[in-house]
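Asker: Build the 3D model from these lines:
(chains A and B)
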2 protein chains.
Amino acid sequence: MREIHTPEEHPKESIVSELKNDRLLRALLRQNVDVTPVWMMRQAGRYLPEYRETRAKAGSFMDLCRNPQLACEVTLQPLERFPLDAAILFSDILTIPDAMGLGLYFSEGEGPKFARPVRDEAAVKALGVPDPEQELDYVMDAVRVIRGELDGSVPLIGFSGSPWTLATYMVEGGGTKNFALSKGMMFERPDLMHQMLDKLAAAVTAYLNGQVAAGAQALMIFDTWGGVLSPRDYELFSLAYMRKIVAGLTRESDGRRVPVVLFTKNGGQWLPQMAESGADALGVDWTTDLADARVAVRDKVALQGNVDPCILYASPERIRDEVGRVLNSYGSGPGHVFNLGHGIHPNVDPDHAAVLVEAVHELSKPYHQ
Amino acid sequence: MREIHTPEEHPKESIVSELKNDRLLRALLRQNVDVTPVWMMRQAGRYLPEYRETRAKAGSFMDLCRNPQLACEVTLQPLERFPLDAAILFSDILTIPDAMGLGLYFSEGEGPKFARPVRDEAAVKALGVPDPEQELDYVMDAVRVIRGELDGSVPLIGFSGSPWTLATYMVEGGGTKNFALSKGMMFERPDLMHQMLDKLAAAVTAYLNGQVAAGAQALMIFDTWGGVLSPRDYELFSLAYMRKIVAGLTRESDGRRVPVVLFTKNGGQWLPQMAESGADALGVDWTTDLADARVAVRDKVALQGNVDPCILYASPERIRDEVGRVLNSYGSGPGHVFNLGHGIHPNVDPDHAAVLVEAVHELSKPYHQ
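Answerer: Modelled structure (predicted):
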């Protein structure tokens, strides 16, 4: 394992080294590239034995997130294995509610939980907007360390959960299957839900701007649960707040534009509205064909996606076929970042991920001539 | 509790009594009605205290399904509370794989499980097509008893899971979050998956035809997991087999057409293809606006849906508002059956369900003038 420096050893100057591989940034801005860039959601994760080792060393999952050097270590691990075109900050979408004082913890086999869920007016009123360099300094430190260690090899993507997505966890007190409490509040007390979403939009804006100041070169907003809403409620309770965030983001750093990607899981039907949000690119899951998505967004924004992560259970030959099919569905011209349509599964063979990444670079050349 | 007769006490002649309320059948066939018909997915279920009482009396969930008189009792319970326009057979979508010998059981808090999952060629080859009047006679008996007890008050809907949906449970051995094994087989051994789906399509066709012969007046195919597929895989592995089933169904009984409804959860993007399947109507979840759905299917088929079941956590006023909004989204003219976009949740107040049902009848009159 390479030596990773502390935040103090990474002065601001060291991180402006020229970017050697800017395919991701170019593709997200619909500029020409030589081959289609590729990264994988959750590329730093449990499917890698070296990740499991670092995770064991760290203690809990949140201990890993809170340790900038270990967060950097796991962020870099997939890049040492595969010729990926981007690194993504290793962190969790629930750092913001945790910084708001909700008491995040992970219970074995049950996923994330909050000790103090937000279910009434008093709890919503008590929510503050965390200062990224105070309550979330460990994330900003991780960004600085990673950016320094990347040394311009590939760009670093920062991220956040969407306000609606964060609100569902905050109201439910953890994950949920039917969104009874969060939608209950949305339907019965829309005023309260809007108050909470407003604070979350401010918090996410500050958090993402903090990440850009610390060195993030592209940003992604994960709207994991926007897809469980009706079209009207998606507009009112999710997209409206993502639009507000995008409008408030720092869009330039080191003299380059910082592209923003919105990803609403199961949001294929709403791509036309999402394309008008001010984002540069949209994440697309595999339930939408990229050819249809491209028509839906009228080539206004780039598209990121969208192979079914389950393809990684198949043979190398089938993986290559499917990569070819997805590249072909997007077709020629700029504006495609290859990705899975969802995070890589924990029990996937890393060698299969290697096949996918290599196939993207190899098979995409004809689309960029 | 009213007295419910045994299957033997319901001779075939008794069930051809004239249908007093045929709104559902008319609406599914896009014929004029006085008010929009309404029923609720899982209307016979845990949110009703009388259901929980019968369930406790029966023993296990499958004991309840296997007892035609108790299955009839719970089927009728919601009709005694609310002016619903249809009854739906109380049963489970996994009766077919159980009849194929997979050994269905329910483990507390974990949902359905199969003792003998289908994961290789030998297991697929060993699958037979159950005879509805043999291995599934308890379902046919339940249909006969319910139809007799309904005595023409409202039509009885029979149902089945879709082949793809059944296959996911059969391969995984139960419910799943990421479909690793079932999609693994689909990607790696599409030939094997197609063999299994072929047998399932034959089994579902026979099962639904058996239900029609026993007295079902409308049919619904629940494609709970078609929405986790890519557009191409949805066409190849789910819709193709539903189309085959629809083509093989008995479409007339007692001199009336037996309408068929297809429902793919999260299938809003595929309504145009589904409208060409031969089905009379499509179920629509709340993530698609009915006005858009109506345009997508070009008024070729009726639409059933689509309020978010979480609205039932809100106040009566909000429930009425939302019913009004959904009726308005469909607009004027025939072809709308009001329903939830998903099954009613177990912790809903039955009085709120009453508000919804009454609001549909009251507020829909102007749309049928």
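
Asker: Could you use CA atoms for every contact and neighbour count after this?
Answerer: Fine.

Asker: So A:L102 versus A:A58, what's the distance?
Answerer: Noted for A:L102: a distance of 22 Å to A:A58, by Cα to Cα, to the nearest Å.

Asker: quick one, which of those two is more surrounded?
Answerer: The residue with more neighbours, out of A:L102 and A:A58, is A:L102; 21 against 17, by other Cα atoms under 10 Å in any protein chain shown.

Asker: Please name the residues that touch the more buried one.
Answerer: A:F114, A:A115, A:R116, A:P117, A:M170 (Cα atoms under 8 Å, 6 or more residues apart in numbering or on different chains).

Asker: let's see it at 7 Å
Answerer: A:F114, A:A115, A:R116, A:P117 (Cα atoms under 7 Å, 6 or more residues apart in numbering or on different chains).

Asker: what about the first one, neighbour count?
Answerer: In this case it means A:F114. For A:F114, using other Cα under 10 Å, the count is 22.

Asker: Tell me how far it lies from chain B.
Answerer: Distance, A:F114 to chain B, by Cα to the nearest Cα, to the nearest Å: 22 Å.

Asker: That residue contacts A:G173, correct?
Answerer: Yes. At 4.8 Å, A:F114 counts as touching A:G173 under the criterion of Cα atoms under 7 Å.

Asker: Which single helix of chain A contains the most residues?
Answerer: helix A:190-214 (DSSP state H).

Asker: Downstream of that helix, the next helix or strand is which one?
Answerer: Downstream of helix A:190-214, the first helix or strand assigned by DSSP states H and E is strand A:218-223.

Asker: Tell me what angle that following strand forms with helix A:190-214.
Answerer: Here strand A:218-223 runs at an angle of 160 degrees relative to helix A:190-214 (axes from the mean of the first three to the mean of the last three Cα atoms, to 10 degrees).

Asker: and the following helix or strand past strand A:218-223, what's its mean pLDDT?
Answerer: Per DSSP H and E, strand A:218-223 leads on to helix A:231-233 as the next helix or strand towards the C-terminus. Taken as a whole, helix A:231-233 has a mean pLDDT of 97.

Asker: hmm, helix A:231-233 in reach of chain B?
Answerer: Yes. Against chain B, helix A:231-233 shows contacts by Cα under 7 Å from any Cα of the partner chain at A:P231.

Asker: Name the residues of that helix that come out as buried.
Answerer: The neighbour-count check on helix A:231-233 (16 or more other Cα atoms under 10 Å in any protein chain shown) flags A:P231, A:D233 as buried.

Asker: Same check on stretch A:347-359?
Answerer: Neighbour-count burial for stretch A:347-359 [16+ other Cα under 10 Å]: A:V348, A:P350, A:H352, A:A353, A:A354, A:V355, A:L356, A:V357, A:E358, A:A359.

Asker: Quick check: of the residues you listed, which lies closest to B:P37?
Answerer: A:V348 (47.8 Å; Cα to Cα).

Asker: Quick check: pLDDT value at that closest one.
Answerer: The model's pLDDT for A:V348 equals 97.

Asker: Secondary structure of it: a helix, I assume?
Answerer: No. Under DSSP: H, G, I helix; E, B strand; the rest coil, A:V348 sits outside any helix and is assigned coil.

Asker: quick one: A:L192 from A:E121, how far?
Answerer: From A:L192 to A:E121 the distance is 7 Å (Cα to Cα).

Asker: now swap in A:R325 and tell me
Answerer: In terms of Cα to Cα, A:R325 sits 50 Å off from A:E121.

Asker: ok, now A:D349?
Answerer: 47 Å.

Asker: Repeat that for A:V348.
Answerer: 44 Å.

Asker: What of A:G148?
Answerer: 43 Å.

Asker: More neighbours: which of those two?
Answerer: A:G148 (25 against 14).

Asker: how close does the more buried one sit to B:L48?
Answerer: Counting by Cα to Cα - A:G148 and B:L48 are separated by 60 Å.

Asker: Then A:D233?
Answerer: 29 Å.

Asker: Check A:D141 too.
Answerer: A:D141 is 53 Å from B:L48, by Cα to Cα.

Asker: can you pull out the strands in chain A?
Answerer: A:87-88, A:104-107, A:111-114, A:156-161, A:218-223, A:252-253, A:256-257, A:260-264, A:281-283, A:302-307, A:336-340 (DSSP state E).

Asker: For stretch A:80-91, measure first residue to last.
Answerer: Note: stretch A:80-91 ends 19 Å apart using Cα to Cα.

Asker: and the closest residue to A:T224 other than its chain neighbours, how many residues sit next to it?
Answerer: Setting aside the residues directly before and after it, A:T224 is nearest to A:K265 in space (Cα to Cα, 6 or more residues apart in numbering or on different chains), at 5.3 Å. Other residues within reach of A:K265, judged by other Cα under 10 Å, total 20.

Asker: ok, now A:P155?
Answerer: A:P155: 24 neighbours (other Cα under 10 Å).

Asker: Just list the residues touching it, thanks.
Answerer: A:P155 touches A:D22, A:A86, A:A87, A:Q217, counting by Cα under 7 Å, 6+ apart.

Asker: again, 10 Å this time
Answerer: Applying Cα atoms under 10 Å, 6 or more residues apart in numbering or on different chains to A:P155 gives the contacts A:19-25, A:85-88, A:147, A:215-218.

Asker: now it: how far from A:S91?
Answerer: 17 Å.

Asker: what about stretch A:294-302, start to end distance?
Answerer: 8 Å.

Asker: For that stretch, give me every contacting residue.
Answerer: A:26-31, A:259, A:261, A:268-283, A:290, A:292-293, A:303, A:329-331, A:334-337.

Asker: filter these by proximity to chain B?
Answerer: A:G268, A:Q269, A:W270 (Cα under 10 Å from any Cα of the partner chain).

Asker: closest to chain B among the residues you listed?
Answerer: A:Q269 (6.4 Å; Cα to the nearest Cα).

Asker: Please name the residues that touch the closest residue to that closest one other than its chain neighbours.
Answerer: Using Cα to Cα, 6+ apart and skipping residues adjacent in sequence, the residue nearest A:Q269 is B:Q269, 6.4 Å away. By Cα under 10 Å, 6+ apart, the contact set of B:Q269 is A:G268, A:Q269, A:T287, A:T288, B:G227, B:P231, B:T287, B:T288, B:A293, B:A296.

Asker: Understood, closing this out.
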